[in-house]
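A.B. asks: requesting a structural model of the entry that follows:
(one chain, ligands or ions: 1)
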Amino acid sequence: MPTNHKKRRSCGAVRARKTGADLLHDPLLNKGTAFTDAERRSLGLVGLLPPKVSTLAQQSTRVMTNVRKRGTDLEKYVDMLSLLDRNETLFYRVVIDNITELMPIIYTPVVGAACQLYAHLFRRSRGLFITKKEKGRIRQVLRSWPQKDVRVIVVTDGQRILGLGDLGASGMAIPVGKLALYTACGGIPPSATLPVTLDVGTNNPALLGDPLYLGVSERRIEGREYDALVEEFVEAVREVFPKALLQFEDFANHNAFRLLERYRDRICCFNDDIQGTASVTLAGLYSAGRITKRKLADEKILFHGAGEAAIGIGDLVVGAMTAEGLSKQEAMSRCWFMDSKALVDSSRKDLQDHKKPYAHAHPHGPVTDLLSAVKALKPTALIGVSGQAAQFTREIVAEMARLNDRPLVFALSNPTSNSECTAEQAYAWSDGRAIFASGSPFDPVVFQGRTFLPGQGNNAYIFPGVGLGVVAAGAKRVTDEMFFKAARALAALVTEDDLAQGALFPPLTKVREISAGIAEAVAKVAYERRLASGPKPKDLLKRIKALQYQPEYKTYV
Ligand code: NAD
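C.D. replies: Coordinates of the predicted model:
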């Protein structure tokens, strides 16, 4: 893994590669007011900073005091991104120390608004933009990136940003935010991360008509032209950053599944919307099983939604159920899906390829609403991933509670305003028996004198650890087994205390430790399956923890 300052000096200090204003303007090296008097004298900084030297802790207090004074979450986001542009060490110190408070600011849900306003808020460029004009020379574009040892790339084409649709080049805030979480939660050094947007145009009329829009103001390229651009990009990544993990993010349905199928066995890549979501949800199901005393193979799951999240979860659950002894066919028959039209079943002639394997036969005739589907199928678990708000009505939750002593109700759609039901509704409508998880955070709920801590099935529990494990082992591929083991590792970290309060996930404050545990599980798969580069270290966990980036200032003199 790369280090920012290679030549170590005998006293533990490192040589600064820059001096004066250049040093202050390099966010990877800058310490701002924390440069000591000796450093200021030796590095040409005297007079360029206010005289008093601050500690990292004092700087952190200053940042949080200011952020908390901001009137809106978007202003907080802008504050934090400006800090990232000035001083990465301080940014990560602040984020790590305030992860529960700041994760929703630097990532979902606030990053959604930041994408929508990207061109209007724009201050300074971050990441690489690749358009069709770069066709034939994408390698050169990648080579222009200042860091040479990139280990994790997040790429989007901006077509399906969160639940907000086609935001074109404005989607860049997503790879930027996601990679900030790879660093903050996983410990991937910031200098080893690269955000990329494939700006293939946009079909969003509002963006096409906005004179401030910063992307290519043309309709999206599609078909062969699109595929050829992605192919050149992937090959260029292989050549320029051969050790990099490529994570596909927020591609529209039709491209997400196709690209994953095309590249998963060719390069080291994964799609977090499909596989990361699956892993965190499977972890939630395992945790729920510790409360219900049911095995995963005992569950019958009805998914509301049949897109990337739903099918991704279904596929991983099927793998996990087969590990518990079911045949693949039996396991698949325990997963049912509803899309925007109706229940996905064998009578449907309009299904996209990714839904077809789950188009089971049933005797109930066409089922077009969720309540009828619940009554007909009698599921033990209801998982909402349609992006549609308020779909889990009182009647539906009550029916789940009538059918099951402990129904699983996972309202995973984001942001909070799209949640299928609130945590409070899930507990109230099931007489406190629902085992609830959500996509967006919910505050604790007091119901009939009992306090419930609703668990948030946040992908940030999984992808940073997967990335760290892949980097630690130098894994050549990312496999479903890795996500399966990651889910198990995450579920194993949920304590009896967490479960007693209805929390299916550990507190986010432990996310760096969780990521190290997941990284160990993922790296082990890489070593066992001969997908790793080099021999397995004696103490894998110790090695992984040693790799985790710590936001601490270097001493320059
Ligand atoms: P997607 O666009 O791939 O899929 C959406 C699916 O919902 C499609 O199959 C669509 O047909 C279906 N749908 C739309 N309207 C419907 C309706 N009225 N009734 C039934 N089905 C309907 O999106 P995705 O990536 O699968 O994400 C879906 C939702 O899941 C989003 O809200 C997203 O925020 C959330 N999500 C949560 C997590 C998490 O909690 N960790 C992770 C990923 C996605």
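A.B. asks: from here on, just use CA atoms for contacts and neighbour counts.
C.D. replies: OK.
A.B. asks: what comes up buried for the longest strand along the chain?
C.D. replies: In the chain, assigned by DSSP state E, the strand with the most residues is strand 193-199. Within strand 193-199, the residues scored as buried using 16 or more other Cα atoms under 10 Å are 193-199.
A.B. asks: in its sheet, what does that strand sit against?
C.D. replies: Using DSSP bridges, the strands paired with strand 193-199 are strand 128-131 (parallel), strand 152-156 (parallel).
A.B. asks: now tabulate those strands in a markdown table and tack on distance to the ligand, mean neighbour count and mean pLDDT.
C.D. replies: Supplementary listing: the strands paired with strand 193-199 in a markdown table, determined by distance: least, Cα to the nearest ligand atom, whole Å; neighbours: other Cα atoms under 10 Å; pLDDT from 0 to 100:
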| stretch | distance to the ligand | mean neighbour count | mean pLDDT |
| --- | --- | --- | --- |
| strand 128-131 | 23 | 20 | 98 |
| strand 152-156 | 13 | 26 | 98 |
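A.B. asks: before we move on, back to that, show me the contact partners of the longest strand of the chain.
C.D. replies: Contact with strand 193-199 is made by 126-132, 150-158, 168-169, 171-172, 175-176, 179, 215-216, as judged by Cα atoms under 8 Å, 6 or more residues apart in numbering.
A.B. asks: and the next helix or strand past that strand?
C.D. replies: Tracing the chain past strand 193-199, the next element assigned as helix or strand by DSSP states H and E is helix 205-208.
A.B. asks: show the subsequent helix or strand relative to that next one.
C.D. replies: Scanning forward in sequence from helix 205-208, with DSSP H and E defining helices and strands, the next element found is helix 223-240.
A.B. asks: and the very next helix or strand once past that following helix, which strands flank it?
C.D. replies: With elements assigned by DSSP H and E, the helix or strand that comes after helix 223-240 is strand 245-248. The partner list of strand 245-248 in its sheet, established with DSSP bridges, is strand 152-156 (parallel), strand 269-271 (parallel).
A.B. asks: chain neighbours aside, what residue packs nearest to residue 54?
C.D. replies: What sits nearest to residue 54 in space, not counting adjacent residues and going by Cα to Cα, 6 or more residues apart in numbering, is residue 34, at 4.8 Å.
A.B. asks: for that neighbour, what are its contacts?
C.D. replies: Residues counted as contacts of residue 34 (Cα under 8 Å, 6+ apart) are 53-56, 59.
A.B. asks: out of these, which end up buried?
C.D. replies: Listed as buried from the contacts of residue 34 are 53, 56, 59; burial here means 16+ other Cα under 10 Å.
A.B. asks: next, the angle from the longest strand of the chain to helix 223-240.
C.D. replies: 160 degrees (axes from the mean of the first three to the mean of the last three Cα atoms, to 10 degrees).
A.B. asks: put the alpha carbons of strand 193-199 into PDB.
C.D. replies: Taking C-alpha atoms only, strand 193-199 is exported to PDB below (Å, rounded to 0.1, in the frame of the first residue of the first chain):
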ATOM      1  CA  THR A 193      -8.500   5.700  -4.000                       C
ATOM      2  CA  LEU A 194      -9.700   7.000  -7.300                       C
ATOM      3  CA  PRO A 195     -13.300   8.200  -8.100                       C
ATOM      4  CA  VAL A 196     -14.300   8.000 -11.800                       C
ATOM      5  CA  THR A 197     -17.300   9.100 -13.700                       C
ATOM      6  CA  LEU A 198     -17.900   7.800 -17.200                       C
ATOM      7  CA  ASP A 199     -19.800  10.800 -18.600                       C
END
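A.B. asks: need the contact list for residue 375.
C.D. replies: Residues residue 399 are the ones in contact with residue 375 under the rule Cα under 8 Å, 6+ apart.
A.B. asks: still on that earlier bit, the buried ones among the contacts of residue 34 also near the ligand: which ones?
C.D. replies: When Cα under 6 Å from any ligand atom is applied, no member of the buried ones among the contacts of residue 34 is adjacent to the ligand.
A.B. asks: and these as a markdown table, adding secondary structure?
C.D. replies: As requested, the buried ones among the contacts of residue 34 are arranged in a markdown table below (DSSP: H, G, I helix; E, B strand; the rest coil):
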| residue | secondary structure |
| --- | --- |
| 53 | coil |
| 56 | helix |
| 59 | helix |
